[in-house]
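Engineer: Predicted model and sequence follow; I will ask about them next.
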Amino acid sequence: MKKLQLVELGMIATALIMGYKMITSLLTLMTSLLFGLGTGISGNLMMAILPTALFFAFYTITFFLLARNIKPLARFICRGNEESLEFKLTKVAVLHVIIIAICLSTFLQTIPDIMQYIASKFIDTNQYSGDFEPSELRTGKIRFWNSLIGFIISVVLLITSKNIASFFGKEEPSYEIGGEKIESNL
């Protein structure tokens, strides 16, 4: 496999992930609009849907830019290098890549909730008085703490991903005799 082909496959995978995120954020935006117009938050509807609209715009732009420019971007990254790569994928290496992908995905998905909660602390959207805490604020806090815990866990797993992959990807010792694999019973 050529280095350029490998980079193109990575760019295609990234474009597909951005397309998936674009569709999910579009569906979230649509449900927020449909259910937000019938509730009492219609006055503050723009602040409720702004983060989702911004992420939808980001995912859409990224998806179309990547999808339309895969070959030029891959040539730019490889700098015209047409060398072939010979690599051997082991169970540990594939598991390590999968763990990194899951951790990065979780990491990126938790950031918006954390940023939105922190921004709400600086922007006074509290129209309620006293110690009364409306359900919107409680769910916002719960979502923040869930996102923060997910963020911390994904960072820890990302740091230790190589050790985790090595632990779960251990292969049993085996021996080859005449091209036939013989498992050890030790």
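Structural biologist: The structure has been received and is ready for your questions.
Engineer: And the next helix or strand past the strand or helix carrying residue 62?
Structural biologist: Assessed by DSSP states H and E, residue 62 sits inside helix 45-68. Beyond helix 45-68 on the C-terminal side, the first helix or strand identified by DSSP H and E is helix 70-78.
Engineer: Give me the angle between that following helix and helix 45-68.
Structural biologist: In terms of direction (axes from the mean of the first three to the mean of the last three Cα atoms, to 10 degrees), helix 70-78 departs from helix 45-68 by 80 degrees.
Engineer: what helices or strands is helix 70-78 leaning on?
Structural biologist: With contacts defined as 3 or more Cβ pairs under 8 Å, 6 or more residues apart in numbering; DSSP states H and E, the secondary structure elements packing on helix 70-78 are helix 3-37. Any C-beta I mention is one placed from the backbone N, CA and C, and that applies to glycine too.
Engineer: Break this structure into its domains for me.
Structural biologist: The chain resolves into domains spanning 1-87, 88-125+133-171 when parsed by automatic domain parsing.
Engineer: Now render the ones you listed as TSV, adding mean neighbour count and mean pLDDT.
Structural biologist: Putting the domains of the chain into TSV (neighbours: other Cβ atoms under 10 Å; pLDDT from 0 to 100) gives the following:
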stretch	mean neighbour count	mean pLDDT
domain 1-87	14	79
domain 88-125+133-171	14	80
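Engineer: Return the distance of the helix holding residue 62 from the chain's centre.
Structural biologist: Computed by Cα atoms, centre = their mean, to the nearest Å, the chain-centroid distance of helix 45-68 equals 15 Å.
Engineer: now do stretch 111-121
Structural biologist: Taking Cα atoms, centre = their mean, one finds stretch 111-121 lying 17 Å from the centre of the chain it belongs to.
Engineer: who's in contact with that stretch?
Structural biologist: Stretch 111-121 is contacted from outside by 51, 55, 140-141, 143-144, 146-148, 151, using Cβ atoms under 8 Å, 6 or more residues apart in numbering.
Engineer: Take those residues and keep only those in helices.
Structural biologist: Taking DSSP state H as the definition of helices, the contacts of stretch 111-121 contribute 51, 55, 140-141, 143-144, 146-148, 151.
Engineer: what separates the residue lying closest to residue 91 once chain neighbours are set aside from residue 97, distance-wise?
Structural biologist: The spatially closest residue to residue 91, leaving aside those adjacent along the chain, is residue 169, at 4.4 Å (Cβ to Cβ, 6 or more residues apart in numbering). Applying Cβ to Cβ, to the nearest Å, one obtains 11 Å for the distance of residue 169 from residue 97.
Engineer: Thanks again, I'm all set now.
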